[in-house]
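*Asks:* One predicted model, sequence on top.
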Amino acid sequence: MSARDAILKRLRERSDGPLSAPECDFAVVTNRGWNQQERLERFERLIGSVHGEVIHTARTAWGDALAEVLHAKGVRRLALGRDHPVAAEARKMLSAGSVDLVDADRDIEAWQREQFDSVDAGLTSTRGAIAETGSLWLWPTPDEPRLISLVPPLHIAVLDADTLEDTFFDVVERHGWADGMPTNALLISGPSKTADIEQTLAYGVHGPRELVVLVRHAQEVP
Amino acid sequence: MNSPVQPSAVQTYTPREFHRQAHDALGNPQIRANFRKAMDGLMSKRRDVFDDWDLETLRDLGANIRLRALAKLPDLLEQLEANCQANGIRVHWAETGEEACRIIGEICASHGAKSVIKGKSMVSEEMHLNAHLEAAGIEALESDLGEYLVQLNEQTPSHIIMPAIHLNTDEISEILHQKTGTERSRDVDYMTAAARAQLRERFMAADVGVSGVNFAVAETGTLCLVENEGNGRMTTTVPPVHVAVTGIEKVVEHLRDVPPLYALLTRSATGQHVTTYFNMISGPRKSGEHDGPQEVHLVLVDSGRSNIYQDDELLDTLRCIRCGACMNHCPVYTRVGGHTYGTTYPGPIGSILSPHLMGLEETKDLPTASSLCGACGEVCPVKIPIPDLLVRLRREAVGEGRGNVPGAGVKRTKKEVVAWKSFQWLATHPAAWRGGTAVAGKLKALLPSRLGPWTDYRVAPKPAGTTLHTLVKRHQASQSSEETRP
């Protein structure tokens, strides 16, 4: 008998007999009832508490905000996609500037060393975010692959304020995640960190040292 | 720094030597200080992070999700397998740890792998994967910072979430200095950056990445990994092959089961409202995608779990989501540290799990490494009745249980059986009891005043000259004679 069959047989022929499954009430992880203002405040407070920087910008002026971040952080080489509107707009807005744009939409085998050693930042879109935990929701794509939010020392994520939701459970349920998961789904809540040296917090242990979230608002930001 | 602290001596620990190891650990002020500081911090952080939650309701939900998954375990494992395969993940089954090691070794061999980079996986520790791979000429390098430090120091993890919690900053500085040539420093950012630079080269060079799994979702064939560092994402994304290894109990039925368990896990483990990364993998790199492994394997390991599954009471052990809250809150663990247990899983969860994995012959002392204060059961996010299970295993060890645990009865001694049988007889025969206690009262001067270590700090008990029964009788007699007086 194969290991598989032997294990399943032992589980099926349980000596104390079949088990009954209890009901699960998920009310405790949903129905927060926050308004948009509360969601935004909570998101910013929580991601800020783990060193995520939040910058608010109007939908129409986000290119300026991005340029400011790149300048402030001394970014010279930025990896980004091409097709996603965030990447396409960023390319257009930065084309005249001094920042080198590095194509992220190519096989990693062709540029792994370059990505690890000489890219200053990765720019990605986000699908949404979670107010309860201050988390970004990313589904990497061929256009914006998995590693550009991980390998460069700075990750810049663009989030539209109206895609913010209350809880992780709400996101999974409302967007029907179970109906079709991508190769890789990610929640990102701050830059990479560790407390493995005597519980002292240190950022940037393996992934980005810094995470900047550009929150785009439909209206002018006051 | 004039006299660098030497990292704690490397030694081998075994559960057989629990008492000696506990004695040594209690006499080691460094170990005691390191654990006391860490556990105090973790307890207060956990308390704060659950502040605005209906914690009992959330724990009920967590427990019910795990119980539902266990109730349907064989079906869910088949569903997980089918959905993983549909996603392109190759699924392997292993009855024992050795078999799992062999499977992973074969996957490595088929790719001509020379180096393996590892994300944190307690199951791989449990089955001694690194030693197996090294014997096959494959270098296995841990990439979680704590695991990396412990591996550099030729030790094993002392905590399931914080592997290097037994080491302080000076000790870690010395390890990095001696093994990797960094400067001695108390600067945590410097040491972290040094490890980052060292490990990044290794991620790029690794042929295979091996990780654990926190939750395996049957409904979608998804492997969920919880982490802060990003080494888990590196391990599962950078090398061309990813092998995930997990115990068969880690499966959950639905994707919607994941958010509550994740909420419980991070808060219970380290008092964080969320970890930096929640990494959900549902397949290898698809055509058109530009990164991620070309192959993903899932190795499902039984290694004693299907035996635990047979027994209604012991089954609760399998609910565990490996948060470590039970050890953080355990007064015994905090004082003796993780290595003292001599097992992969230390602390209360280790004491109820290890006997099944290693047998009671090896681990008979572990269920007694508890004052049964109940803290572990109170904080368990999935409400495992750990104290009850500790008592059950104590009974199994002396042959008074159901005999469902390997090595049951190993602690049974004739002397103890006779002593308890005699006591049972005395306690159920009032005349003999009264006679015995009366005699003991008369002969109290002859009873020993020293009773082994127990009397090192206490006075030996002496039976009263007059028994309570006699006193009560006298009292009642005097009352009734007062009442009858005219």
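*Replies:* Arrived safely, thanks for sending. Small disclaimer: the values here were computed from a predicted structure and weren't measured.
*Asks:* List the residues that contact A:A195.
*Replies:* With contact taken as CB atoms under 8 Å, 6 or more residues apart in numbering or on different chains, A:A195 is in contact with A:L201, A:A202, B:M162, B:N228, B:T270. No exception for glycine: its C-beta is placed from N, CA and C like everyone else's.
*Asks:* quick one: the third one and B:M234, what's the gap?
*Replies:* Meaning B:M162. According to CB to CB, to the nearest Å, B:M162 and B:M234 sit 20 Å apart.
*Asks:* Looking at the two, which is more packed in?
*Replies:* B:M234 (28 against 24; other CB atoms under 10 Å in any protein chain shown).
*Asks:* Which elements pack onto whatever helix or strand the more buried one lives in?
*Replies:* Using DSSP states H and E, B:M234 sits within helix B:231-237. Counting contacts by 3 or more CB pairs under 8 Å, 6 or more residues apart in numbering or on different chains; DSSP states H and E, helix B:231-237 is packed against strand B:115-118, helix B:188-205, strand B:208-211, strand B:222-227, strand B:241-247, strand B:277-281.
*Asks:* Direction included, what does the very next helix or strand once past the fifth one pair up with?
*Replies:* Past strand B:241-247, further along toward the C-terminus, the next helix or strand under DSSP H and E is strand B:251-252. Take DSSP bridges as the rule and strand B:251-252 pairs in its sheet with strand B:215-217 (parallel).
*Asks:* Identify all contacting residues around the strand it pairs with.
*Replies:* So strand B:215-217 is contacted by B:80, B:222-224, B:246, B:250-255, B:257-258, B:261-262, B:298, B:321 (CB under 8 Å, 6+ apart).
*Asks:* now do stretch B:358-370
*Replies:* B:14-16, B:18-19, B:22, B:330, B:332, B:336, B:341, B:343, B:348, B:350-352, B:354-355, B:376, B:387, B:390-391, B:393-394, B:396-397, B:405-408, B:410-411.
*Asks:* where does the residue in chain A that chain B sits nearest to fall, helix, sheet strand or coil?
*Replies:* Going by CB to the nearest CB, chain B is nearest to A:G207 of chain A, at 2.9 Å. Under DSSP: H, G, I helix; E, B strand; the rest coil, the three-state class of A:G207 is coil.
*Asks:* what number of residues lie near it?
*Replies:* 30.
*Asks:* secondary structure class for B:C323?
*Replies:* Three-state assignment for B:C323 (three-state DSSP): coil.
*Asks:* And the longest helix along chain A, what does it pack against?
*Replies:* With secondary structure taken from DSSP state H, chain A has its longest helix at helix A:36-49. With contacts taken as 3+ CB pairs under 8 Å, 6+ apart, helix A:36-49 sits against strand A:52-58, strand A:164-165, strand A:210-217.
*Asks:* hmm, 7 Å instead?
*Replies:* strand A:52-58, strand A:164-165 (3 or more CB pairs under 7 Å, 6 or more residues apart in numbering or on different chains; DSSP states H and E).
*Asks:* what about the chain, any weak spots by pLDDT?
*Replies:* Just going to use chain A. Across chain A, the ranges flagged by pLDDT under 70 are A:220-222.
*Asks:* I was thinking of chain B, sorry if that wasn't clear
*Replies:* B:1-10, B:483-486.
*Asks:* repeat that with 90
*Replies:* B:1-12, B:30, B:52, B:433-470, B:479-486 (pLDDT under 90).
*Asks:* Looking at it, which residue is nearest chain A?
*Replies:* For chain B, CB to the nearest CB, closest residue to chain A: B:G230, 2.9 Å.
*Asks:* Do I have it right that that residue meets A:V151?
*Replies:* No: in this structure, B:G230 is not within contact of A:V151 by CB atoms under 7 Å, at 9.0 Å.
*Asks:* re the thing from before, so which of the helices and strands packed on helix B:231-237 is nearest B:T437?
*Replies:* Checking these against B:T437 by CB to CB gives strand B:241-247 as the closest, at 52.2 Å.
*Asks:* and that closest one, what does it pack onto?
*Replies:* helix B:97-110, helix B:122-126, strand B:208-211, strand B:295-301.
*Asks:* Next secondary structure after the second one?
*Replies:* Read that as helix B:122-126. Helix B:122-126 is succeeded, C-terminally, by helix B:129-135 (DSSP H and E).
*Asks:* Pairing partners for the next helix-or-strand element following that following helix, with directions?
*Replies:* The helix or strand immediately downstream of helix B:129-135 is strand B:139-142, counting by DSSP H and E. Strand B:139-142 has the following strand partners under DSSP bridges: strand B:115-118 (parallel).
*Asks:* how far is the partner strand from where the chain is centred?
*Replies:* Chain-centre distance of strand B:115-118: 24 Å, with CA atoms, centre = their mean, to the nearest Å.
*Asks:* what comes up buried for the lengthiest helix in chain B?
*Replies:* Assignment by DSSP H gives helix B:29-49 as the longest helix of chain B. In terms of neighbour count (16 or more other CB atoms under 10 Å in any protein chain shown), helix B:29-49 has its buried residues at B:Q30, B:I31, B:R32, B:N34, B:F35, B:A38, B:M39, B:L42, B:M43, B:K45, B:R46, B:V49.
*Asks:* cool, and stretch A:208-222?
*Replies:* A:P208, A:R209, A:E210, A:L211, A:V212, A:V213, A:L214, A:V215, A:R216, A:H217.
*Asks:* same check, this time on stretch A:160-179
*Replies:* A:160-161, A:164-173, A:177.
*Asks:* just to revisit the earlier point, got a list of what the residue nearest to the residue of chain B closest to chain A when sequence neighbours are not counted touches?
*Replies:* In space, and not counting its chain neighbours, B:G230 is closest to A:G207: 2.9 Å by CB to CB, 6 or more residues apart in numbering or on different chains. The neighbours of A:G207, taking CB atoms under 7 Å, 6 or more residues apart in numbering or on different chains as the test, are A:L150, A:P191, A:S192, B:G230, B:R233.
*Asks:* isn't A:H84 right next to A:E144, touching?
*Replies:* Yes: between A:H84 and A:E144 there is a contact under CB under 7 Å: 6.0 Å.
*Asks:* more neighbours, the two?
*Replies:* Of the pair A:H84 and A:E144, A:E144 is the one with more neighbours under other CB under 10 Å, namely 26 against 18.
*Asks:* List the contacts of that one.
*Replies:* Contacts of A:E144 by CB under 7 Å, 6+ apart are A:G81, A:H84, A:A87, A:A104, A:T124, A:S125.
*Asks:* need the contact list for the last one.
*Replies:* Under the criterion of CB under 7 Å, 6+ apart, the contact partners of A:S125 comprise A:H84, A:V86, A:E144, A:V158.
*Asks:* What strand or helix carries the last one?
*Replies:* A:V158 belongs to strand A:154-160 when assigned by DSSP H and E.
*Asks:* which other helices and strands contact that strand?
*Replies:* When contacts are defined as 3+ CB pairs under 7 Å, 6+ apart, strand A:154-160 packs onto strand A:121-125, strand A:210-217.
*Asks:* now the angle between strand A:121-125 and it, please.
*Replies:* 20 degrees (axes from the mean of the first three to the mean of the last three CA atoms, to 10 degrees).
*Asks:* how near is the closest residue to B:H329 other than its chain neighbours to B:N307?
*Replies:* Closest residue to B:H329 apart from its sequence neighbours, by CB to CB, 6+ apart: B:A375 at 4.3 Å. Noted for B:A375: a distance of 28 Å to B:N307, by CB to CB.
*Asks:* ok, B:A419 - how many residues close by?
*Replies:* 11.
*Asks:* what's the following helix or strand after the helix or strand hosting it?
*Replies:* According to DSSP H and E, B:A419 maps onto helix B:414-427. Helices and strands here follow DSSP H and E; after helix B:414-427, the next one along the chain is helix B:430-442.
*Asks:* That next one to helix B:414-427, inter-axis angle?
*Replies:* 110 degrees.
*Asks:* next helix or strand past helix B:430-442?
*Replies:* helix B:468-484.
*Asks:* Report the angle between that following helix and helix B:430-442.
*Replies:* Using the same axes, to 10 degrees: helix B:468-484 against helix B:430-442 is 100 degrees.
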